[in-house]
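**Student:** structure here, sequence nowhere to be found:
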């Protein structure tokens, strides 16, 4: 039975065969980092930009909303959809800046996961807002006379069927976004989460 | 233009590069990944160098950054061989002819270390470097008691690998 102590001597005496010279090292330190934190940063920025662009470019028919009595509701939702990203971008930046490679390993992983969680919370907040706006808007729209005729075409259970269709589509959209989201971050953070679990286990 | 700080850093990096090579050899199993991780650790060291206050030895500080990069920041490539396949190779390795018995021992040791999980790898590396438990606990952010418990388990796993 070989004891680990017997390996210490060879461990201390080892010298890597390919020693790099100062020129090579000098060039190396200026190359671009491909760390997981960089990836998280870029992906998060894309998420913020895409959601904000969708928010800005989705056309709103204000006249129709006024007729439906949804004008103030949509104004409120719009203001929220500008304030929420600002709050989350601030929190994300604050958490991102707190990631430090000279922290201890547990602290470093916690900071990375916390930063990532900020973006996750942002996405979920926006999706919840989206689902609420659609469902509330639909509830009000159902009471408008111009939509009543359409509902009546579904027969006796017209309202129920219409609700069923809307809820179904909202769930499908949320489900697809959630699936893509879990897939991307499942792959990206799987290893980090496993290491964190190993680290905090007794 | 190379600053004085950069020159000083490169000199320290050059002298202590064996530390990074050790970490790379423990966390990767092919030359390309070894080089990728070496580069990432060097970049992270340089980015953090202005925060190095000299209250610990450069080599100790370097170990912390190198292990943190390997455990938390490095994105693994698909080239890495799975642990199961590696264990089979490890058994075969005993019978391979080596001219240099020291290199043979080292190769055996590294292959055994590679089969451990990332945290156990860090524990074993710090143990082989003769770091006290207090420093190991500080480096990983766990309690000293927990470091001892984990270390015993990691050492037992390693012994099993080295004495199949």
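**Tutor:** Here it is on my side, so go on. Since we're looking at a predicted model, the values are computed, not measured. Numbers count the residues shown, from 1 in each chain, chains lettered A, B, ... in the order given.
**Student:** contacts and neighbour counts: CA atoms only from here.
**Tutor:** OK.
**Student:** what distance do you get for residue B:70 to residue A:76?
**Tutor:** Shown here: residue B:70 relative to residue A:76, a distance of 47 Å by CA to CA, to the nearest Å.
**Student:** which one's more surrounded, these two?
**Tutor:** Between residue B:70 and residue A:76, counted using other CA atoms under 10 Å in any protein chain shown, residue B:70 has the larger neighbour count: 25 against 11.
**Student:** so what's the gap between the top helix by length along chain A and the chain middle?
**Tutor:** Criterion DSSP state H: the longest helix present in chain A is helix A:158-200. Taking CA atoms, centre = their mean, to the nearest Å, the mean C-alpha location of helix A:158-200 is offset from the chain mean by 10 Å.
**Student:** ramachandran angles for the spatially most central residue of chain A?
**Tutor:** With distances taken as CA atoms, centre = their mean, chain A has residue A:120 as the residue nearest its mean C-alpha position (3.6 Å). As for residue A:120, its main-chain torsions (degrees, to the nearest 10) stand at phi -60, psi -40.
**Student:** what's the local residue count around residue A:112?
**Tutor:** Counted with other CA under 10 Å, residue A:112 comes out at 22.
**Student:** and what of residue B:61?
**Tutor:** Neighbour tally, residue B:61, other CA under 10 Å: 18.
**Student:** list the contacts of it.
**Tutor:** A:102, B:52 (CA atoms under 8 Å, 6 or more residues apart in numbering or on different chains).
**Student:** and it, helix, strand or coil?
**Tutor:** The assignment at residue B:61 comes out as helix when based on DSSP: H, G, I helix; E, B strand; the rest coil.
**Student:** on the pLDDT front, check residue 130 for me.
**Tutor:** No chain in the question, so chain A it is. Looking at residue A:130, its pLDDT is 84.
**Student:** sorry, should have said chain B
**Tutor:** Residue B:130 is given a pLDDT of 93.
**Student:** number of nearby residues for it?
**Tutor:** 12.
**Student:** can you give me phi and psi for it?
**Tutor:** According to degrees, to the nearest 10, residue B:130 has phi 60, psi 30.
**Student:** quick one: it from residue B:59, how far?
**Tutor:** 13 Å.
**Student:** and for residue A:108?
**Tutor:** 20 Å.
**Student:** quick one, which of the two is more surrounded?
**Tutor:** It is residue A:108, of residue A:108 and residue B:59, that has more neighbours when counted by other CA under 10 Å, with 24 against 17.
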